[in-house]
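K.L.:
this is the structure alone, sequence omitted:
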Ligand code: AMP
Ligand code: GLY
């Protein structure tokens with residue numbers, strides 16, 4: 001039986017925690033620092049997820065068998081390298097490999113070199129050069145801060161004035177801080193977005209089921225981007241041909257290309273994709289699990305997650321059988337605070353939070369806090385309600401009917417999660 005230290009930020013980690021807890025291999029989980037949802041069950045440790053030295057000391061002192069890292073920041077700061085120096089077992093990519101998320105400029109150059117399909121692009125370190133380039137660029141284009149910007153660093157612009165203003169905001173006014181020292185300007189891709197995550201030890205790859213996020217705040221995909229308003233899994237319009245293309249042309253090429261550069265990738269690779277008329281193309285890579293994709297993919301995973309994490313941390317995923325999945329589908333609807341992703345109020349009492357797991361419904365906490373016996377809101381995205389059922393329609397109906405029991409002042413959610421599921425997408429060669 002194992003003791004696990006879980007470096008986490010909340011949200012998707014709530015789902016990872018829930019899944020790890022089901023493992024026969026796990027006796028105790030420490031969550032550092034965790035959130036209110038996790039702290040109900042796990043042993044909270046008051047160390048921040050990016051306090052690498054603090055976490056390593058804790059792992060040594062408490063004889064932790066495996067450390068699992070949820071968010072990207074500690075990975076990009078080199079937590080895995082530090083743990084390895086101390087001979088500590090850890091699940092996640094090295095700092096060099098995590099550059100695939102830490103630097104969009106690096107990721108795009110790497111995709112060009114490894115012939116991984118992605119949007120055509122240019123990289124700029126000088127605002128003036130970027131501005132003179134966009135005057136001759138075909139619109140719309142997407143302007144992205146190269147560094148980490150908590151998912152907010154990509155802006156679609158429709159004319160050169162808007163582009164020049166955006167470049168000024170990112171590179172001169174530094175709205176994303178140092179993350180905007182370099183920008184990527186890329187062609188706008190048309191198509192359906194899809195998220196695919198894969199487990200890998202740097203050589204062997206096991207693909208997870210595809211899912212679809214809903215990034216925009218408004219129904220019908222309108223309004224500003226958020227951290228994700230809902231998701232579902234699997235995605236009916238993704239056929240086997242498309243999944244094979246994604247595996248061979250994107251995931252395998254990336255993992256083996258990184259390996260060739262001495263960037264050993266162990267962990268989860270998340271690919272945000274656009275299914276275009278000429279095949280799947282990469283929009284972004286993340287070096288960790290997706291949010292809210294994790295909330296719909298893991299409830300369908302039958303295999304033991306701790307078993308997978310250990311095999312990867314020990315460097316041989318081929319020791320694990322093929323991933324097993326539960327039949328059916330899952331859907332997650334995010335309950336948010338009115339005003340999110342702009343300004344919103346917190347401290348609203350939440351009613352109706354119960355354990356609905358006997359109905360295969362799971363409440364994954366994000367921005368909640370416990371005050372005495374009550375739950376109150378403590379963030380923009382408050383709770384993800386995931387339901388699993390025989391098909392997507394049944395899962396969605398279950399999630400929405402459960403939401404009727406939950407209430408807080410200013411509760412907002414999208415009523416159209418899964419609306420693109422019936423889209424017809426032709427699979428194409430690359
Ligand atoms: P990113 O931070 O790179 O994941 O971008 C955030 C969101 O912006 C994506 O999920 C897409 O909805 C949109 N986006 C980014 N790049 C492109 C692109 N090249 N074409 C179309 N939409 C994009
Ligand atoms: N769903 C997008 C992300 O996890 O970054």
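P.N.:
Sure, I can see it. What you see is a predicted model; the values in this text were computed from it and never measured. Ligands and ions are numbered 1, 2, ... in the order given.
K.L.:
next up, the contacts around the residue in the chain positioned nearest to ligand 2.
P.N.:
Nearest to ligand 2 in the chain, going by Cβ to the nearest ligand atom, is residue 290, at a distance of 3.5 Å. From N, CA and C alone the C-beta is placed, and that goes for glycine too. By Cβ atoms under 8 Å, 6 or more residues apart in numbering, the contact list for residue 290 reads 12, 195, 197, 211, 213, 228, 270, 272.
K.L.:
can you give me the neighbour number for the second one?
P.N.:
Close neighbours of residue 195, defined as other Cβ atoms under 10 Å, add up to 26.
K.L.:
one more: the fifth one?
P.N.:
Burial of residue 213, expressed as a neighbour count using other Cβ under 10 Å, amounts to 22.
K.L.:
cool, and the third one?
P.N.:
Taking other Cβ under 10 Å as the neighbour definition, residue 197 ends up with a count of 23.
K.L.:
phi and psi next, for it.
P.N.:
Main-chain dihedrals, residue 197, degrees, to the nearest 10: phi -120, psi 150.
K.L.:
I'd like to know how many residues surround residue 81.
P.N.:
16.
K.L.:
which SSE is it in?
P.N.:
In the assignment (DSSP states H and E), residue 81 maps to helix 79-85.
K.L.:
which strands and helices sit next to the very next helix or strand once past that helix?
P.N.:
Using DSSP H and E, the helix or strand that follows helix 79-85 towards the C-terminus is strand 90-91. If you count contacts as 3 or more Cβ pairs under 8 Å, 6 or more residues apart in numbering; DSSP states H and E, strand 90-91 packs onto strand 66-69, helix 79-85, helix 305-313.
K.L.:
by contact count, what packs against the first one?
P.N.:
For strand 66-69, the contact count by 3+ Cβ pairs under 8 Å, 6+ apart identifies strand 2-8, helix 79-85, strand 90-91, helix 305-313 as packing neighbours.
K.L.:
in that strand, which residues are buried?
P.N.:
Buried residues in strand 66-69, counted by 16 or more other Cβ atoms under 10 Å: 66, 67, 68, 69.
K.L.:
can you lay out these as CSV showing pLDDT?
P.N.:
Formatted as CSV, the buried residues of strand 66-69 follow (pLDDT from 0 to 100):
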residue, pLDDT
66, 97
67, 97
68, 96
69, 95
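K.L.:
which of the helices and strands packed on strand 90-91 sits most buried?
P.N.:
strand 66-69 (a mean of 25; mean count of other Cβ atoms under 10 Å).
K.L.:
how about the helix or strand just after that strand and ligand 2, touching?
P.N.:
Once the chain leaves strand 66-69, the next helix or strand it forms, by DSSP H and E, is helix 72-76. No - if you take Cβ under 6 Å from any ligand atom as the test, helix 72-76 misses ligand 2, and the best it gets is 8.6 Å.
K.L.:
what about the helices in the stretch 151-300 of the chain?
P.N.:
160-167, 240-245, 253-260, 294-297 (DSSP state H, counting those that start in this stretch).
K.L.:
weakest of these by average pLDDT?
P.N.:
Note on the helices of the stretch 151-300 of the chain: helix 160-167 shows the lowest mean pLDDT, a mean of 91.
K.L.:
now the helices: where do they sit in the stretch 1-150 of the chain?
P.N.:
So, for the stretch 1-150 of the chain - with DSSP H, counting those that start in this stretch - the helices run 12-21, 36-39, 52-61, 72-76, 79-85, 95-102, 104-113, 127-134.
K.L.:
just put those in a markdown table and tack on distance to ligand 1 and mean pLDDT.
P.N.:
A markdown table is the format used below for those (distance: least, Cβ to the nearest ligand atom, whole Å; pLDDT from 0 to 100):
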| stretch | distance to ligand 1 | mean pLDDT |
| --- | --- | --- |
| helix 12-21 | 15 | 89 |
| helix 36-39 | 26 | 68 |
| helix 52-61 | 25 | 96 |
| helix 72-76 | 12 | 95 |
| helix 79-85 | 22 | 97 |
| helix 95-102 | 10 | 97 |
| helix 104-113 | 7 | 97 |
| helix 127-134 | 14 | 90 |
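K.L.:
can I get these in a markdown table including distance to residue 375?
P.N.:
Converted to a markdown table, those look like this (distance: least, Cβ to Cβ, whole Å):
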| stretch | distance to residue 375 |
| --- | --- |
| helix 12-21 | 14 |
| helix 36-39 | 8 |
| helix 52-61 | 28 |
| helix 72-76 | 27 |
| helix 79-85 | 31 |
| helix 95-102 | 32 |
| helix 104-113 | 37 |
| helix 127-134 | 46 |
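K.L.:
output the below-cut-off pLDDT ranges for this protein.
P.N.:
The chain contains residues with pLDDT under 70 at 10-11, 34, 36-41, 426-430.
K.L.:
up against ligand 2, what does it have?
P.N.:
Neighbours of ligand 2 within the chain, by Cβ under 6 Å from any ligand atom: 151, 213, 228, 286, 290, 291, 293.
K.L.:
closest to residue 97 out of the residues you listed?
P.N.:
For those, the closest approach to residue 97 (Cβ to Cβ) belongs to residue 286, at 12.1 Å.
K.L.:
in this structure, which residue is most central in space?
P.N.:
By Cα atoms, centre = their mean, the chain has its centre lying nearest to residue 290, at 1.6 Å.
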